[in-house]
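Student: Kindly generate the corresponding structure for this input.
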Amino acid sequence: MVETTRVHPALPRFLRWADPESRLLLVSAAPETGRTWFARSWIGDRKGVVHDFSEHPYEALEELEKISLQLAQDPQLHAAVVLAPGHTVWHLTLTAKILFAQQRDLLLDQAEIAAMLGDGAGSWEAAAEVYSNCGGWLGAVQLLVRDPRLADPARQKLRAALSTWLAHHDPEWDLSEAAILPVFDQSTVEIFYSHFRSDPHTLNDLVQAGLLQEHPEQGWLMPSMVRALLRERIQAAGAQRMELLEEASLEAVTSVHGLQATADAAIEQQRWSVLNRLVTGHWNELLLLDFAKFIELAQRIPPFISGKNAYFGLGLRILDEFTGNDSGLQAPHLADEYQKD
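Tutor: Residues are numbered from 1 along each chain as shown. Next comes the predicted model:
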């Protein structure tokens, strides 16, 4: 991670709620979030030291008790400790007042990325593009801010960081399975996980793991690179598991947001398997859609998808045939294919 003489971009946001009297900062975050830079930025010009325990074994954490005693002996001293993803400190006796900086605290928001781009015209729009791709993962952000064409190196940085982080924070892969969802809110997430767990994961679980971030306009965002890497991870579970996840996802999203919003999200994210299920499994709801909305939906499906997929083709032809068109809009027409139909 490249560090500079400036403070970590996320530190001012963290300090808005952090206790200014705390003199021991524990940083628990993934690689490629600038965790050491964050620790040094927090120390700043004050008397203090940064301890990097990110490569230390679990047993070495007992050294934290010595650091806590040093703070008690020197009221001017500050200490920041970078922990490894699997570390916990609940077993330790620490007398110092502690601040915890977690994964979500170090991930940049869109405004912080825009500040890195400067005050030039289009910086907010450019920041939105970076944010939608890699979220606030600093290592990836720095590459894309430097040159948007560095998407592949940024993705590799993100892959390495996520692999290390999720090995400890999502060992059973169930948090990663949320990547199958096209939209995120409390109800949708809980309905989805209720298919697989008696104690369903919550939206907050995904946020705390750093898999979701706040979007300035759309609620919660799973960055496209993060989503792609998580889907790559869960696909290793096999086609049968993916089938179950797709079914649970579709039921959760349609029950909360309805068919139209689900279809809109699927098209936006090019989730053609979701559209396939909508067309083949929700005929009655599709037929009850306002025709203008149906036309808008159908026209957004790329021809190379609707043309090569027998279900799409059949579905659009039947809807075109049986839905009355009094709106003046022209429904997309697909030639009859009797052998396939």
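Student: For the rest of this, base every contact and every neighbour count on C-alpha atoms.
Tutor: Noted.
Student: Flag the shaky bits of the stretch 201-341 of the chain, pLDDT-wise.
Tutor: Along the stretch 201-341 of the chain, segments meeting pLDDT under 70 span 267-341.
Student: Provide a list of residues in contact with the closest residue to residue 33 other than its chain neighbours.
Tutor: Computed as C-alpha to C-alpha, 6 or more residues apart in numbering, the closest residue to residue 33 that is not its neighbour in sequence is residue 138, at 4.9 Å. Residue 138 is in contact with 32-34, 107-108, counting by C-alpha atoms under 8 Å, 6 or more residues apart in numbering.
Student: can you redo these as TSV with neighbour count, secondary structure and distance to residue 126?
Tutor: Formatted as TSV, those follow (neighbours: other C-alpha atoms under 10 Å; DSSP: H, G, I helix; E, B strand; the rest coil; distance: C-alpha to C-alpha, whole Å):
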residue	neighbour count	secondary structure	distance to residue 126
32	23	coil	21
33	26	coil	20
34	21	coil	21
107	23	coil	18
108	22	coil	14
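Student: Identify, from those, the entry nearest to residue 235.
Tutor: Ranked by distance to residue 235 (C-alpha to C-alpha), those are led by residue 32 at 24.4 Å.
Student: For the closest one, which non-adjacent residue is closest in space?
Tutor: Among residues not flanking residue 32 along the chain, residue 139 sits closest, at 4.7 Å (C-alpha to C-alpha, 6+ apart).
Student: Verify the contact between residue 127 and residue 109 for me.
Tutor: No - using C-alpha atoms under 8 Å as the test, residue 127 is too far from residue 109 to be in contact (9.3 Å).
Student: And what about residue 193, helix, strand or coil?
Tutor: What DSSP: H, G, I helix; E, B strand; the rest coil gives for residue 193 is helix.
Student: Residue 211 versus that one, what's the distance?
Tutor: Using C-alpha to C-alpha, to the nearest Å, residue 193 is found at 16 Å from residue 211.
Student: can you check residue 234 too?
Tutor: Distance, residue 234 to residue 211, by C-alpha to C-alpha: 14 Å.
Student: Just the buried residues of stretch 125-134, please?
Tutor: Neighbour-count burial for stretch 125-134, counted by 16 or more other C-alpha atoms under 10 Å, picks out 126-128, 130-134.
Student: my bad, should have said stretch 75-88
Tutor: By neighbour count on 16+ other C-alpha under 10 Å, the buried set for stretch 75-88 is 77-87.
Student: what does that stretch contact?
Tutor: Residues contacting stretch 75-88 (C-alpha under 8 Å, 6+ apart): 23-30, 35-36, 39-40, 42-43, 46-56, 58, 67, 70-71, 164-165, 168-169.
Student: Can you flag the buried ones in those?
Tutor: The neighbour count (16+ other C-alpha under 10 Å) marks 23-30, 35-36, 39-40, 42-43, 48, 50-54, 67, 71, 165, 169 as buried among the contacts of stretch 75-88.
Student: pLDDT on stretch 71-91, on average?
Tutor: Averaged over stretch 71-91, pLDDT sits at 85.
Student: still on that earlier bit, looking at the buried ones among the contacts of stretch 75-88, which are in helices?
Tutor: 35-36, 39-40, 42-43, 67, 71, 165, 169 (DSSP state H).
Student: Return the member of these nearest to residue 143.
Tutor: Distances from residue 143 to those, taken as C-alpha to C-alpha, are shortest for residue 35 (17.0 Å).
Student: List the residues that contact that closest one.
Tutor: Contact analysis of residue 35 by C-alpha under 8 Å, 6+ apart lists 27-29, 82, 106.
Student: nearest to residue 264, of those?
Tutor: residue 106 (31.7 Å).
Student: measure the closest one to residue 170 for me?
Tutor: In this view, residue 106 and residue 170 are 19 Å apart by C-alpha to C-alpha.
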